[in-house]
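Asker: Sequence and predicted structure, then a few things I'm wondering about:
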Amino acid sequence: MLVLDPKNLDEILQNVIQVGDRVAKQEKAKDFVIKLRKRIDHIKDIPKISRPKVLCIEWLDPLFSAGHWVPQMVEIAGGINGISSTGEKSRRMQIDEMAKFDPDIIILMPCGFDVSRTILEYEKLLENKSWRKIKAVNRGEVYAVNANEYFSKPGPRTISGLEILAKIIHPDTFRDLQVPKQSIQKIDSE
């Protein structure tokens, strides 16, 4: 038995090595991790013009901030993470806490949901008057992502999640970056 419980991207990559060791594919695992790290470094090394405040929400009712590796992903992608910290578990938060942080961008990534399911669940938030006062909501900077495929599960696809975040946070800088189809949708708050 091999128990894996990563709390950040480095630990996710280390888990790939551990699995490779366990199944006698050490070299393949190491080569794969080198490719994944190059993708991370590509995002990290590109200069960003600004650092917008970003809030990633892991659950909508009740509201939970995204924890574990997601705060690190936001920082690498060029945002200022709010509400949660790398390595900490996701936690319940209040809408007042979100309003105080006043994010420029909100990314909805409910655990296990794809984009269309997230948008369906989002309808409930629109009824909340406090939600509508948040800057990102007013400016139309709310996005749904496919959390089930790219954010909730600690594995190689998490690096695609990092690329998705980079494309959302800095769309001009990462205009040519290819991300999986149907992995992001900007949400109309009307």
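Answerer: Nice, I can see it.

Asker: So which residue is dead centre in the chain?
Answerer: Taking Cα atoms, centre = their mean as the criterion, residue 70 is the residue nearest the geometric centre of the chain, at 4.9 Å.

Asker: isn't it right up against residue 55?
Answerer: No. Between residue 70 and residue 55 there is no contact under Cβ atoms under 8 Å: 10.5 Å. C-beta here means a position set from N, CA and C on the backbone, and glycine is covered the same way.

Asker: anything in contact with each of those two?
Answerer: Among the neighbours of residue 70, none is also in contact with residue 55 (Cβ atoms under 8 Å, 6 or more residues apart in numbering).

Asker: centre of the chain versus stretch 89-99, how much separation?
Answerer: With Cα atoms, centre = their mean, to the nearest Å as the basis, stretch 89-99 stands 16 Å off its chain's centre.

Asker: and what of stretch 103-122?
Answerer: Mean-position distance between stretch 103-122 and its chain equals 10 Å (Cα atoms, centre = their mean).

Asker: Endpoint to endpoint, that stretch covers what distance?
Answerer: By Cα to Cα, to the nearest Å, the extent of stretch 103-122 from end to end equals 17 Å.

Asker: Can you give me the buried ones in that stretch?
Answerer: 103-110, 113-115, 118, 121-122 (16 or more other Cβ atoms under 10 Å).

Asker: Could I get the full set of strands for this structure?
Answerer: Here the chain has its strands, by DSSP state E, at 53-60, 63-65, 80-81, 91-92, 105-108, 142-145, 184-186.

Asker: and the longest helix for this structure?
Answerer: The helix that spans the most residues within the chain, counting by DSSP state H, is helix 26-45.

Asker: For it, buried residues please.
Answerer: 29, 32-33, 36, 40, 43.

Asker: Please tabulate the residues you listed in a markdown table and include distance to residue 59 as additional columns.
Answerer: Output for the buried residues of helix 26-45, formatted as a markdown table (distance: Cβ to Cβ, whole Å):
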| residue | distance to residue 59 |
| --- | --- |
| 29 | 32 |
| 32 | 31 |
| 33 | 30 |
| 36 | 27 |
| 40 | 26 |
| 43 | 26 |
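
Asker: Nearest to residue 165 among those?
Answerer: Taking Cβ to Cβ as the measure, residue 165 sits nearest to residue 43 out of the buried residues of helix 26-45, at 8.3 Å.
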